[in-house]
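*Asks:* everything below, folded, please.
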Amino acid sequence: MDTVNLIPGAAMGREFIPKEYLPEEADEYYLRNTQVTRPLSDFRHLRAHEIELLVKNGNVADDWDDVLVTDEFDATHILNNSFHGLVRIGAVTDAALEHHDLQLPVGIANSKISSCDIGDYVSIHNVRYLAHYIVGDRCIITNVDEMHCTNHAKFGNGILKDGESEDVLITLDLINESGSRAVRPFDGMIPADAYLWARYRDDQVLQRRLGEMTQERFDSRRGYYGTVGEQCVLKNSRIFKDVKIGSHCYVKGANKLKNLTINSNAEEPSQIGEGVELVNGIIGFGCRIFYGCKAVRFIMGNNSELKYGARLIHSFMGDNSTVSCCELLNNLIFPAHEQHHNNSFLVASVVKGQSNIAAGATIGSNHNSRANDNEIEAGRGFWPGLCTSLKPSSRFASFVLLATGHYPAELDIPFPFALLSNNVAANRLEVMPAFWWMYNMYALERNSWKFGARDRRKQKTQNIEFDALAPDTVEEIISARRLLAEWTARAKGGNSGETTAEPATRAGDDSRDRLIARGHALLTGDAKETNGLLVRGDRMEKASRDAVVLKPREGYEAYGQMLHYYAAVNLIAYLEAEQGRTYESMCRELDGERVAEWSNLGGQLVTEQEVNALRRDIGNGALSSWDDVHARYDELSRRYPLSKQRHAFAVYRLLHGGEVPDRVGWRRFMEEAVRLQELKRDRVYETRQKDYKNPFRFATYRNEAEMKAAVGDIDDNRFVGQVREGTESFKRRAEVAAEA
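*Replies:* Down below sits the predicted model:
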């Protein structure tokens with residue numbers, strides 16, 4: 001236990017910076033004075049009658065000469081306080097501040113103030129200890145037990161101050177509980193930064209430079225004060241220690257806030273509520289944290305929520321995410337994550353956004369390992385069902401939906417938009433490729449729409465891809481089709497007594513290419529050839545039982561439709577982007593090799609080649625700071641729409657055997673795209689209609705009229721109407737594109 005030292009009373013509020021860390025001819029306030037935006041010449045010493053009135057009103061000070069005020073100072077509003085060290089007080093007048101239903105007079109009452117700067121028209125009441133803080137204008141701070149800042153405050157950033165040893169360095173142990181992917185957090189860090197740092201551990205030059213860039217981003221000198229931005233309200237809370245608070249922040253009823261940066265401003269105010277305990281973290285703009293939450297060593301992205309007793313530890317939660325009630329440990333979570341239930345658990349994972357973890361889900365228990373060094377990797381749209389349990393190490397393609405169940409072994413699921421099931425009765429793993437497209441279209445379409453609609457960030461620090469069909473998922477579809485063809489050909493060979501080679505590990509292997517060609521012919525030919533065929537998959541589960549692909553023919557066709565639709569949507573967008581573009585000019589401009597390797601860099605899609613260039617430029621110093629890295633993200637974001645359209649054109653060619661169709665073929669392609677849009681419209685309606693036609697749903701209503709009054713009619717469904725309108729618009733756009 002640290003000792004309790006006895007110091008002279010006159011030392012309170014003084015000698016904030018140890019002498020060994022003070023530059024020559026500098027006093028302990030030299031950094032503080034650079035933080036104060038108001039000219040120091042605005043302050044004056046107290047006049048004799050003001051001191052007399054202050055003493056009469058129950059105020060005491062170590063030295064009244066160290067209490068400075070402005071010319072707009074009404075001493076009658078300073079009551080029953082003690083002042084220590086240099087205290088500068090802004091305008092105090094006969095006025096009051098109002099926030100919601102709370103009204104408090106401007107001034108300072110019943111508080112202990114130690115070496116602080118107080119802004120204009122501030123209301124400080126019943127603050128038992130306020131030390132080494134700079135408080136902005138029009139702030140309310142009331143009923144606070146302890147609020148102070150240390151000389152070595154880092155405000156949640158993973159840096160070292162002068163004279164500190166490595167053992168005090170704050171890191172986030174992301175993705176892996178063992179700390180083998182630890183990163184140093186900093187204010188302004190986004191999921192792309194964390195992923196770059198945590199993923200490429202073998203790049204030692206990159207790792208060293210990222211650490212150096214983080215340390216260089218901040219001043220290592222000791223002596224910076226804590227800050228509270230203008231128009232903040234901090235009330236009925238216990239402890240604030242080493243906390244940097246942005247403007248317009250609202251904190252009520254918090255238990256403990258320590259070593260934090262809370263970003264907040266007028267456009268995106270952050271709020272922290274009752275019973276909250278937050279330690280060693282960075283909180284983004286527009287965040288809300290309420291009702292007994294606990295977070296330790298964490299980052300929350302902009303416009304995110306943590307509430308109802310949630311626990312967030314050693315984790316990064318991306319922008320536009322909402323987490324309630326549950327427990328998250330050692331995770332890197334990309335934007336638009338939802339996890340709402342008290343008994344769900346997520347640990348040692350990288351979840352690449354647009355995800356939803358249901359009640360009772362236990363993701364990554366590590367119970368099958370001798371050490372806590374395993375991981376879960378899930379692509380965009382990860383959605384495990386109720387009471388699902390998974391074992392690490394496991395990997396999932398994008399938009400995998402897991403049916404409720406206990407999955408007893410490690411998994412590697414390469415099929416995007418698939419339904420995964422543990423069939424206990426048959427003792428086998430089952431996967432249905434393209435399930436979302438075939439049977440869950442309402443959810444698929446609504447997900448893409450809602451993520452964009454809920455993106456209320458004013459400061460969009462990174463461009464996030466919300467479309468379900470994008471280069472990353474499309475490449476997964478292309479790979480999945482090859483697997484379906486290969487495994488179908490092998491299954492057919494086995495059923496007919498033919499011999500086939502073992503699956504090749506290299507995509508260019510002739511034997512595998514022949515299998516894929518044969519499988520393509522089977523899956524697109526006469527259905528009789530594949531009826532009743534049991535298609536088994538390889539390496540999808542670490543178990544001796546079968547892993548079976550359900551409806552391979554339907555999945556193969558659906559994947560083809562998705563590729564067609566993706567290409568059409570993006571090529572239409574290309575033609576519309578600039579007047580005068582024609583089919584021929586599009587073919588010249590967009591033609592080229594298909595880029596097959598894409599990376600989801602924190603929600604932003606970039607090619608793997610661009611990631612490698614980024615790593616190289618960080619390592620060689622071409623990008624020498626995190627600001628430079630973020631500028632590169634912005635540059636890649638500006639290039640992305642055209643890169644996506646080039647990729648779409650390459651997919652268009654792939655669907656035509658590598659050739660570029662003539663105008664007749666282009667028109668047919670657009671006609672089929674319209675048919676697919678109508679198919680989407682109809683499936684959105686049909687999948688939603690099942691809810692309205694479910695006979696059990698009627699059980700809780702007296703009659704159909706009551707049900708309709710309570711939940712409405714499907715024809716009144718807003719999203720269904722949007723899809724219908726979008727379909728009509730798509731038809732018109734496709735007609736124009738077909739004739740371009």
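*Asks:* flag the shaky bits of the chain, pLDDT-wise.
*Replies:* In the predicted model of the chain, residues 1, 365-370, 494-508 satisfy pLDDT under 70.
*Asks:* what residues go with each domain of it?
*Replies:* Annotated domains of the chain cover 1-148, 661-740 [automatic domain parsing].
*Asks:* and among those, the most buried is which?
*Replies:* Greatest average neighbour count among the domains of the chain goes to domain 1-148 (a mean of 17), per mean count of other CB atoms under 10 Å. Quick note: C-beta positions are derived from backbone N, CA and C, even for glycine.
*Asks:* and for E554, the neighbour number?
*Replies:* Residues within reach of E554, counting by other CB atoms under 10 Å, total 17.
*Asks:* which residues in the stretch 601-740 of the chain form helices?
*Replies:* With DSSP state H, counting those that start in this stretch, the ranges of helices along the stretch 601-740 of the chain come out as 608-619, 626-655, 663-693, 704-711, 718-738.
*Asks:* so how far is the third one from its chain's centroid?
*Replies:* This means helix 663-693. How far helix 663-693 lies from its chain's middle: 32 Å, per CA atoms, centre = their mean, to the nearest Å.
*Asks:* repeat for the second one
*Replies:* For helix 626-655, the separation from the chain centroid amounts to 21 Å (computed by CA atoms, centre = their mean).
*Asks:* how about the fourth one?
*Replies:* Put simply, helix 704-711 sits 38 Å off its chain's centre (CA atoms, centre = their mean).
*Asks:* which residues touch it?
*Replies:* 692, 697-698, 701 (CB atoms under 8 Å, 6 or more residues apart in numbering).
*Asks:* tell me which of those residues is nearest to S315?
*Replies:* Taking CB to CB as the measure, S315 sits nearest to R697 out of the contacts of helix 704-711, at 37.7 Å.
*Asks:* that closest one: what's it in contact with?
*Replies:* 691, 707.
*Asks:* now with 10 Å?
*Replies:* Going by CB atoms under 10 Å, 6 or more residues apart in numbering, R697 touches 690-691, 707, 711.
*Asks:* A596 too?
*Replies:* A596 makes contact with 471, 474-475, 478-479, 507, 607-608, 647, 650, according to CB under 10 Å, 6+ apart.
*Asks:* before we move on, what about H406?
*Replies:* H406 makes contact with 362, 387-391, 422, 424 under the criterion CB under 10 Å, 6+ apart.
*Asks:* buried residues in the longest strand along the chain?
*Replies:* Under DSSP state E, the strand in the chain containing the largest number of residues is strand 233-245. Under the neighbour-count criterion of 16 or more other CB atoms under 10 Å, strand 233-245 has 233-235, 237-245 buried.
*Asks:* ok so, going back, neighbour-wise, which one of the contacts of A596 leads?
*Replies:* Using other CB under 10 Å as the neighbour criterion, P471 leads those with 29 neighbours.
*Asks:* surely that one meets V595?
*Replies:* Yes - using CB atoms under 10 Å, P471 is in contact with V595, at 7.5 Å.
*Asks:* now do the shared contacts for the two.
*Replies:* With CB under 10 Å, 6+ apart as the test, P471 and V595 both reach 607, 643, 646-647, 650.
*Asks:* can you lay out the residues you listed as JSON lines showing distance to N303?
*Replies:* Converted to JSON lines, the shared contacts of P471 and V595 look like this (distance: CB to CB, whole Å):
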{"residue": "T607", "distance to N303": "28"}
{"residue": "S643", "distance to N303": "27"}
{"residue": "R646", "distance to N303": "32"}
{"residue": "H647", "distance to N303": "29"}
{"residue": "A650", "distance to N303": "35"}
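*Asks:* just those residues now: which is nearest R181?
*Replies:* T607 (23.0 Å).
*Asks:* contacting residues around the closest residue to that closest one other than its chain neighbours?
*Replies:* Once flanking residues are discounted, T607 sits nearest to V595: 5.1 Å by CB to CB, 6 or more residues apart in numbering. For V595, the contacting residues are 471, 475, 607-610, 643, 646-647, 650, by CB under 10 Å, 6+ apart.
*Asks:* L590 too?
*Replies:* Counting by CB under 10 Å, 6+ apart, L590 has contacts 570-571, 574, 642, 645-650, 652-653, 660.
*Asks:* how near is it to R646?
*Replies:* Relative to R646, L590 is positioned 5 Å away (CB to CB, to the nearest Å).
*Asks:* who touches both of the two?
*Replies:* Joint contacts of L590 and R646 (CB under 10 Å, 6+ apart) are 570, 574.
*Asks:* so who does the residue nearest to G188 when sequence neighbours are not counted touch?
*Replies:* For G188, ignoring the flanking residues on the chain, the nearest one in space by CB to CB, 6+ apart is W626 at 6.7 Å. Residues in contact with W626, defined by CB under 10 Å, 6+ apart, are 186, 188-190, 193, 210, 213-214, 216-217, 618.
*Asks:* any idea which of those residues is closest to S304?
*Replies:* Ranked by distance to S304 (CB to CB), those are led by I190 at 12.3 Å.
*Asks:* how many residues are close by the closest one?
*Replies:* A count of neighbours around I190, defined by other CB under 10 Å, yields 27.
*Asks:* residues contacting it?
*Replies:* So I190 contacts 196, 284, 299, 301-302, 316, 318-319, 334-335, 461-462, 601-604, 626, 629-630, 633 (CB under 10 Å, 6+ apart).
*Asks:* list only buried entries from those.
*Replies:* 196, 284, 299, 301-302, 316, 318-319, 334-335, 461-462, 601-604, 626, 629-630, 633.
*Asks:* circling back: using CSV, lay out the buried residues of strand 233-245 together with distance to H84.
*Replies:* Output for these, formatted as CSV (distance: CB to CB, whole Å):
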residue, distance to H84
V233, 25
L234, 20
K235, 23
S237, 22
R238, 21
I239, 19
F240, 18
K241, 18
D242, 19
V243, 20
K244, 22
I245, 22
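*Asks:* sorry, back to before: identify the farthest-apart pair in the contacts of W626.
*Replies:* I190 and E216, at 18.0 Å, using CB to CB across these.
*Asks:* does R238 touch N255 like I think?
*Replies:* Yes - look at R238 against N255 with CB under 10 Å: they come within range, at 5.3 Å.
*Asks:* find residues that contact each of these two.
*Replies:* What both R238 and N255 touch, as defined by CB under 10 Å, 6+ apart, is the set 145, 277.
*Asks:* can you tell me which two in the contacts of L590 are farthest apart?
*Replies:* The distance between the two most remote of those (CB to CB) is 18.3 Å, for L642 and V660.
*Asks:* with neighbour numbers in mind, choose between those two.
*Replies:* Comparing L642 with V660 by neighbour count (other CB under 10 Å), the higher total belongs to V660, at 16 against 13.
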